[in-house]
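Asker: I'd like to go over a predicted model; first the sequence, then the structure.
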Amino acid sequence: MPISYIPFVFPGLDSVRCAFQTRPGGVCRGEYGGGNISFSVGDDAALVAANRESLLADLQSQGLRRWAELQQVHGDVMAFEPTPVACDAVAVEEGDGMATTEPGLGLLIKTADCQPILLAHKSGRYVAAMHAGWRGNRCDFPLSGVVRFCEHYDLRPQDVFAVRGPSLGPGKAEFINFDKEWGPQFVPWFDEESRTMDLWGLTRHQLVQAGIPTRNIFGLDICTASNNDQFFSYRCARASGRQASIIWIEKN
């Protein structure tokens, strides 16, 4: 079956494309059943490569030619103008954010509950992608990543758009050791009764603090853990695949 995904286009910015992969489709089996695109979770590498090739081939009609990705480490390192990675190759450069000006080069983020955050400048000439797990939120990566993106290309954050993809929703983001894992500055997003964090709300706050107007911030409010048949979720199964979120400048 073809790899399935949710397309997204920022309003008025047709030259930039986004795709949020879903789980159905693909050739992986068992606990990785569906469209797993990660080599690092214990799945059959040949099947993973086949899924990746299928996804890239399907998106080529929308101007995607190749993609870059990182070994994600739950930090705050940004890579600028990253090197493309082949569909059958494992990424070696570490980091959790990328940015590029190259048309046709996708920036691929792998998630299974963490938040994929995709950014685009209103000119359509600059894009970025960030991976934010809860540790990324705790170190303010949504904020610092936007700041560095803008500083590197001399952009105004007021001219940046952001979209957060499917990820762990407020009702499922449980943190029983909140006091040790977070800190008092994060109390506004913590529900004491349910012991859960509103990571979506926190990310939106951090993007606003970076200078992005609220009207430019979008979110696909789909909880991966609540929809495990449609998305991979590490909270639901430790042996879980990963789905891709990709942003690119369309290449004619």
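Answerer: Noted; the coordinates are in hand. Residues are numbered from 1 along each chain as shown.
Asker: as a check, name the ranges of all strands in the chain.
Answerer: 5-8, 16-21, 66-68, 78-80, 97-100, 105-111, 115-121, 127-132, 160-164, 190-191, 196-197, 217-219, 243-249 (DSSP state E).
Asker: may I see the buried residues of the last one?
Answerer: Neighbour counts using 16 or more other C-beta atoms under 10 Å place 243, 244, 245, 246, 247, 248, 249 of strand 243-249 among the buried residues. Where C-beta positions appear, they are placed from N, C-alpha and C, glycine not excepted.
Asker: and the residue lying closest to residue 83 once chain neighbours are set aside, what does it touch?
Answerer: Of all residues beyond its chain neighbours, the one nearest residue 83 is residue 68 (6.3 Å), with distances taken as C-beta to C-beta, 6 or more residues apart in numbering. Applying C-beta atoms under 8 Å, 6 or more residues apart in numbering to residue 68 gives the contacts 79, 82, 83, 84, 85, 98, 100, 105, 106, 107, 108.
Asker: count the neighbours of residue 54 for me.
Answerer: Residue 54: 19 surrounding residues under other C-beta atoms under 10 Å.
Asker: wouldn't it be in contact with residue 21 here?
Answerer: No - applying C-beta atoms under 8 Å, one finds residue 54 not in contact with residue 21, separated by 10.7 Å.
Asker: beta partners of the residue nearest to residue 9 when sequence neighbours are not counted?
Answerer: Nearest non-adjacent residue to residue 9, counting by C-beta to C-beta, 6+ apart: residue 17, 6.5 Å away. Residue 17 forms beta bridges with residue 248, as assigned by DSSP bridges.
Asker: and residue 17, what pLDDT?
Answerer: Note on residue 17: pLDDT of 98.
Asker: that one contacts residue 248, correct?
Answerer: Yes - when contacts are counted by C-beta under 8 Å, residue 17 is listed as touching residue 248 (5.7 Å).
Asker: hang on, the earlier thing: so how far is residue 53 from the residue nearest to residue 83?
Answerer: According to C-beta to C-beta, to the nearest Å, residue 68 stands 16 Å off from residue 53.
Asker: do the same with residue 140
Answerer: Distance from residue 140 to residue 53, by C-beta to C-beta: 36 Å.
Asker: okay, those two: which has more neighbours?
Answerer: For residue 140 versus residue 53, the count of surrounding residues by other C-beta under 10 Å is larger for residue 140: 17 against 14.
Asker: burial check on the nearest residue to that one once chain neighbours are set aside, number of neighbours?
Answerer: Ranked by C-beta to C-beta, 6+ apart and with sequence neighbours excluded, the top spatial neighbour of residue 140 is residue 206, at 5.9 Å. Around residue 206 there are 21 other residues, counting by other C-beta under 10 Å.
Asker: what residues are up against residue 206?
Answerer: Residue 206 neighbours (C-beta under 8 Å, 6+ apart): 137, 140, 141, 142, 143.
Asker: returning to that earlier point: shared neighbours, residue 17 and residue 248?
Answerer: With C-beta under 8 Å, 6+ apart, residue 17 and residue 248 have common neighbours 63, 64.
Asker: can you name the residues bridging to residue 217?
Answerer: Beta bridges link residue 217 to residue 162 when assigned by DSSP bridges.
Asker: you'd agree it is up against residue 207?
Answerer: Yes - shown here, residue 217 and residue 207 form a contact pair, counting by C-beta under 8 Å, at 5.4 Å.
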